[in-house]
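Trainee: sequence first, then the predicted structure, then my questions.
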Amino acid sequence: MKFNEDFASVHAYLCADGYVVRNPPTQKTIYYRAGLRNTNIVLLRDFQGKFKRVFGLKPWLVEGQRCEKGSKEIYSLLTEKFGSFYSWYWSMPKMSLINQRAWLRSYFDCEGWVTCKTHQNRHIGADCVNKIGITQVKDSLELLGIYSKLTYLEKRKIYRLYIYGKHNLIMFDKKIGFLHPSKKDKLNAAIRDFVDYEWVFPNNEGELTNFVKETFNTRGKIKRDNGILRLISNKEINLIRLQKVLKKQLHIESKVNKRTNGIGTSYFELNVNKKDDVKMLVENEFINDSEKEKWLKLKK
């Protein structure tokens, strides 16, 4: 039986959200099962079709639950060739780069997630209890030119893999991608969010004031713990220019600082710290209603 892209994908599904099991020998009724547990119908149908093409048998499917086939022959073939598929013990087979791409797609379709917090935190992540397996995933990504970071979460006793940075997300989308519809959409959004926009400040003073007001309305956030008004950009020059306008036109002091989030991505933050300055901006409608509500609660 040829280990092709379909087989690689089925193998990854079984390692991620799947199972290859038999009942305990002490039980009278004997069964052997291989299947995928997942709520997403796109992934379940993909598994069903590829499983049939690989093994010649069509597994039954329950929407929103699982896709499974009972077969001693398939159980024996899989376990004898690949060993265990349990979460702690699975491993990636040796395979071509083409097959690795198919394997990684199915693995991340099941285990991966995409975060897109605009201009701050855009990454693909995956959690795994299996150090050997997730390290193989990291190494396979690197062979495709996709670099990632692997950390151990002590409290949860689990390994977490991060893929971040514009280049790596684009390479992931190009060479692996997602079949899972919502993850695919989130990845596209994350990549679009990397577009670098340098703000265009109007020359006319009246237009400039309106520009500053609109900028704070769409980007300004009140910190819940101390009432500081902050605004974030991926370009320092945007905030430095804004800082100068605040000082010249509104006589408001502010600070611009460089920040780094938990996965190493840098961004810039402008803070208006003085309570009277924040009050002036709030009362003159420089921030939107939801942020104003936070400020009013802090005043109580």
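Mentor: Ah, there it is. Numbering: from 1, shown residues only.
Trainee: C-alpha from now on. contacts and neighbour counts both.
Mentor: Fine.
Trainee: for R122, give me phi and psi.
Mentor: phi -130, psi 110 (degrees, to the nearest 10).
Trainee: quick one: it and N168 touch, right?
Mentor: No: when contacts are counted by CA atoms under 8 Å, R122 is not listed as touching N168 (10.8 Å).
Trainee: and those two? which has more neighbours close in?
Mentor: The neighbour count for R122 versus N168, taken as other CA atoms under 10 Å, is higher for R122 (26 against 21).
Trainee: now do that one against N284, distance only.
Mentor: 33 Å (CA to CA, to the nearest Å).
Trainee: likewise G133?
Mentor: In terms of CA to CA, G133 sits 56 Å off from N284.
Trainee: tell me which of those two has more neighbours.
Mentor: Neighbour comparison, G133 and N284: the larger count goes to G133, with 18 against 10 (by other CA under 10 Å).
Trainee: my read: the more buried one touches W90, true?
Mentor: Yes: in this structure, G133 is within contact of W90 by CA under 8 Å, at 6.3 Å.
Trainee: look up the residues forming beta bridges with the residue nearest the centre of the chain.
Mentor: Nearest residue to the geometric centre of the chain (CA atoms, centre = their mean): V114, 1.9 Å. Beta-bridge partners of V114, counted by DSSP bridges, are I124.
Trainee: T29 - how many residues pack around it?
Mentor: Other residues within reach of T29, judged by other CA under 10 Å, total 8.
Trainee: again with I252
Mentor: For I252, using other CA under 10 Å, the count is 19.
Trainee: what's the closest non-adjacent residue to it?
Mentor: Leaving aside its sequence neighbours, I252 sits nearest to L246 (CA to CA, 6 or more residues apart in numbering; 5.3 Å).
Trainee: mind listing what the one you found touches?
Mentor: By CA atoms under 8 Å, 6 or more residues apart in numbering, the residues touching L246 are 252-254.
Trainee: surely C128 and Q136 touch.
Mentor: No: contact criterion CA under 8 Å: C128 and Q136 do not qualify, at 11.7 Å.
Trainee: please say which of those two ends up with more neighbours.
Mentor: Comparing C128 with Q136 by neighbour count (other CA under 10 Å), the higher total belongs to C128, at 20 against 14.
Trainee: residue contacts, the more buried one?
Mentor: 87, 134, 158-160.
Trainee: contacts for the helix or strand hosting T135, please.
Mentor: Using DSSP states H and E, T135 maps to helix 131-143. For helix 131-143, the surrounding residues in contact (CA under 8 Å, 6+ apart) are 89-92, 100, 104, 128, 147-150, 159, 161.
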